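Student: Everything below, folded, please.
(one chain, ligands or ions: 2)
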Amino acid sequence: MKTTISVIKADIGSLAGHHVVHPDTMAAANKVLAEAKRQNVIIDYYITNVGDDMELIMTHTRGPLDTKVHETAWNAFKEASKVAKDLGLYAAGQDLLSDTFSGNLKGMGPGMAEMEVEERPSEPIAIFMADKTEPGAFNFPQYKMFADPFNTAGLVIDPTMHEGYKFEILDVFEGQSVTLNAPEEIYDLLALIGTPSRYVIRRVYRKADNNIAAVTSIERLNLIAGKYVGKDDPVMIVRLQHGFPALGEALEAFSFPYLVPGWMRGSHYGPLMPVSQRDARATRFDGPPRLIGLGFNVKEGRLVGPSDLFDDPAFDEARRLASTIAEYMRRHGPFMPHRLEPEEMEYTTLPVILEKLKPRFKKEADVTKAKPSIYDKSQGMD
Ligand SMILES: O=P(O)(O)OC[C@H]1O[C@](O)(COP(=O)(O)O)[C@@H](O)[C@@H]1O
Ligand SMILES: [Mg+2]
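Tutor: Numbering: from 1, shown residues only. Ligands and ions are numbered 1, 2, ... in the order given. Here you go, the predicted structure:
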């Protein structure tokens, strides 16, 4: 049976700032999804949140980018937004960039990861959802899961994984993609995905049979809207076991709280902290960036589960280290590299400040003007 798993998320308003979704808004979304299930638009669903992002996990047989499924999600977010407005929640309706739904959710604000799979007799999946970061934040763990044998033992010892995986990488600025193979092209792969603000791993396939292994949301709201409209908190679906990473290999990729951009005002680097569902609230300095993971089995479209994957003392050490790193980064205050580089900041007063100070800048005769960029060949660097 071919089943589509659609994870669609949006920030439609949050309680007491940008830190947690209000349960009444989830109840409003639940009504819409329950009705869609009754009308056989979707087979099953689960609603959750990480921080201020509401996450709709749905299964159906209609394939990705289906109008009815996307309209269902849109209506759920709209209804939830109404409640958010009624309760006076902060940034109510924030991620819904358009007033009317037209065809599908592409470019309308919500983020989405969708995959169509030929269901195996047992189809275990993990869904990872993060708040206060961006889609490229999943580059690092996807590399670990699908290309690093120090993380994923199966790459070496499981014959069904040994051939490796293909990574489809999207250049979010140019809107073009390239597919690179691991292990043979890992140096090229790392050269791109090491710049996660621009090159985002969108899909991973098993090389042996082209089977889809992982999908990540790629929406960067600020690029769509041309201004800051919230961070593009990402979601990712990963297939598990029997030729894909074992559950523990997928989770192992998050045992190191690596630095991601986001956190306060979408403008700071901070450690990605894996937490249980009950700790999925962005508090200290609106963070640190949080990650939750839910494990399901998909059976004829039914979502069996979930299991709260990071609700486990085995991840206490990762959380402790994340807290230590958070403290270390915070001590830098407004200085880089805690604060993002100017091009990546979601907010900036810099142009206004530069304009204001323009008359006060004076030429220094003894200082040579630098070339604009060491990367710009037209400037005659040799
Ligand atoms: O300027 P405002 O409206 O107070 O918004 C600031 C908020 O934006 C944020 O960056 C929003 O984060 P999200 O992307 O998770 O919505 C928060 O860190 C911060 O509180
Ligand atoms: Mg958010």
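Student: The stretch 101-250 of the chain against ligand 2: which residues are in contact?
Tutor: Within the stretch 101-250 of the chain, the positions near ligand 2 by Cβ under 5 Å from the ion are 131, 233. Using the backbone N, CA and C atoms, a C-beta is placed for each residue, glycine as well.
Student: Can you show me the helices along the stretch 101-250 of the chain?
Tutor: 139-147, 154-157, 186-193, 221-225, 247-252 (DSSP state H, counting those that start in this stretch).
Student: burial of Thr368, as a residue count?
Tutor: Neighbourhood size, Thr368 [other Cβ atoms under 10 Å]: 6.
Student: quick check, it in a helix?
Tutor: No. Counting by DSSP: H, G, I helix; E, B strand; the rest coil, Thr368 is not part of a helix but coil.
Student: now it: how far from Phe361?
Tutor: Applying Cβ to Cβ, to the nearest Å, the value for Thr368 to Phe361 is 16 Å.
Student: And for Gly111?
Tutor: 41 Å.
Student: the more surrounded of the two?
Tutor: Gly111 (26 against 8).
Student: Spit out the contact partners of the nearest residue to that one once chain neighbours are set aside.
Tutor: Leaving out its chain neighbours, the residue that sits closest to Gly111 by Cβ to Cβ, 6 or more residues apart in numbering is Ser217, at 3.9 Å. Neighbouring residues of Ser217 by Cβ atoms under 8 Å, 6 or more residues apart in numbering: 7, 9, 111-113, 135, 232, 234-236.
Student: Whichever of those end up buried, select them in ChimeraX.
Tutor: Those of these that count as buried under 16 or more other Cβ atoms under 10 Å are selected in ChimeraX with:
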select :7,9,111,112,113,135,232,234,235,236
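Student: ok, so of the contacts of Ser217, who is nearest ligand 1?
Tutor: For the contacts of Ser217, the minimum distance to ligand 1 (Cβ to the nearest ligand atom) is 7.5 Å, reached by Asp232.
Student: I figured that closest one hits Val200, correct?
Tutor: No. Using Cβ atoms under 8 Å, Asp232 is not in contact with Val200; the gap is 9.9 Å.
Student: Find the residues that touch each one of these two.
Tutor: Joint contacts of Asp232 and Val200 (Cβ under 8 Å, 6+ apart) are Pro135.
Student: Pairing partners for Gly295 in the sheet, please.
Tutor: Gly295 has these beta-bridge partners by DSSP bridges: Ala126, Ser307.
Student: my read: it touches Ser307, true?
Tutor: Yes. Here Gly295 reaches Ser307: they are 4.2 Å apart, a contact under Cβ under 8 Å.
Student: Look at the residue nearest to Gly111 and report its pLDDT.
Tutor: Here, the pLDDT recorded for Ser217 equals 95.
Student: quick one: contacts for the residue in the stretch 201-350 of the chain that ligand 2 sits nearest to?
Tutor: Nearest to ligand 2 in the stretch 201-350 of the chain, going by Cβ to the ion, is Asp233, at a distance of 4.1 Å. Counting by Cβ under 8 Å, 6+ apart, Asp233 touches 9, 11, 50-51, 53, 111, 129-134, 262.
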